[in-house]
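# mind folding the following:
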Amino acid sequence: MKKVILIAGVMLALAATVASAAGINLAWDNCAGAGAAGTPPAASNKVFACNSNSGAGFSLVASFFPPAGINEFLGVSSQIDIVTDSATLPDWWAHGTGFCRGTNNMSTNFDFTGGPFDCTDFSAGQAAGGFAYDVGFVQPNRGRLRVQYAVPFDNRGPVDPSTEYYSYKVNILRGKSTGTGACAGCSTPACIVLNDLQLFQPPEAGNDPDITNPALQNYVTWQANPTAQASPCPQSTPTHSSSWGQVKSLYR
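As a prediction, this is how the structure comes out:
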């Protein structure tokens, strides 16, 4: 009986360790934890026929399990890579002033008050932030998205290591996918990797952990071949930690 109790205690301790391990997730449409228990969600790949320029866009959702000791969570700095196996990043993934898809077909959103609701929304619609997108980052076939947001200082508070929290959405619209003026490359397979998600607290806390390991999955695919035997995703490039000074200006 003592041995059974001891084994049970060890198993509970291991389960607690796994449950509290910090990690990041990326999924289409919802947090990764919205899938079956312990498995990635069905929406780890997105397929689009590239046959319309209007209609609902496609939403990437970044989420995280925080490490212990985050008692005054304030905001996030994060990086996502978009990589294709083509020589250069296709025009369909070229967002920004002077690029084919312009400035209207990609946006970030930090408001989950309208759903989905499967994971926890710490910000409760109060976060403010923005993003920058670099075409041809380090390699000509790579794009890098940098996202930052903060909650009002008075809204800071603790986050639970056993809870998966929504962080932000990246909304990708259908504009210039077909017809006159279309941007080539909508049908080209791509790998989208969440490199990191750095959590911020007030400077005096001295604890702004940069989370890089996946909890369930830190990448999704676009137009991937479902019969492929191996993951089409390459390794992402190293990330660099930010400072709270880069994020605090996001306060309302």
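# now do the same for the most centrally placed residue in the chain: helix, strand or coil?
Nearest to the mean C-alpha position of the chain, counting by Cα atoms, centre = their mean, stands residue 62 at 2.8 Å. Under DSSP: H, G, I helix; E, B strand; the rest coil, the three-state class of residue 62 is strand.
# please name the nearest non-neighbouring residue to it.
residue 167 (4.4 Å; Cβ to Cβ, 6 or more residues apart in numbering). Bear in mind the C-beta positions are built from the backbone N, C-alpha and C, glycine included.
# chain center to the helix or strand where residue 76 lies, what's the gap?
In the assignment (DSSP states H and E), residue 76 maps to strand 75-84. Its chain's average C-alpha position is 7 Å from that of strand 75-84, according to Cα atoms, centre = their mean, to the nearest Å.
# residue numbering should commence at 42 henceforth.
Sure, I'll start counting at 42 from here, so that last one is strand 116-125.
# which elements pack onto it?
In terms of contacts (3 or more Cβ pairs under 8 Å, 6 or more residues apart in numbering; DSSP states H and E), strand 116-125 is packed against strand 99-106, strand 183-191, strand 206-213, strand 231-241.
# would you turn those strands into a markdown table with distance to residue 119 and mean pLDDT?
Shown next, in a markdown table, are the helices and strands packed on strand 116-125 (distance: least, Cβ to Cβ, whole Å; pLDDT from 0 to 100):
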| stretch | distance to residue 119 | mean pLDDT |
| --- | --- | --- |
| strand 99-106 | 6 | 97 |
| strand 183-191 | 5 | 97 |
| strand 206-213 | 7 | 98 |
| strand 231-241 | 5 | 96 |
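# could the ones you listed go into TSV alongside distance to residue 93?
Formatted as TSV, those follow (distance: least, Cβ to Cβ, whole Å):
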stretch	distance to residue 93
strand 99-106	12
strand 183-191	23
strand 206-213	14
strand 231-241	19
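# out of those, which is closest to residue 253?
strand 231-241 (4.7 Å; Cβ to Cβ).
# what's downstream of the closest one, the next helix or strand?
strand 251-252.
# show me what that next one is packed against.
Partner elements for strand 251-252 (3+ Cβ pairs under 8 Å, 6+ apart): strand 231-241.
# parallel or antiparallel, list what pairs with the strand it packs on.
strand 116-125 (antiparallel), strand 251-252 (antiparallel), strand 260-263 (antiparallel) (DSSP bridges).
# deepest of these, which one?
For these, the largest average neighbour count (mean count of other Cβ atoms under 10 Å) is found in strand 116-125, namely a mean of 25.
# returning to what we had before: for residue 168, find the nearest of the helices and strands packed on strand 116-125.
Set against residue 168 and scored by Cβ to Cβ, these come closest in strand 183-191, at 4.6 Å.
# can you pull out the helices in this structure?
Assigned by DSSP state H, the chain shows helices spanning 43-60.
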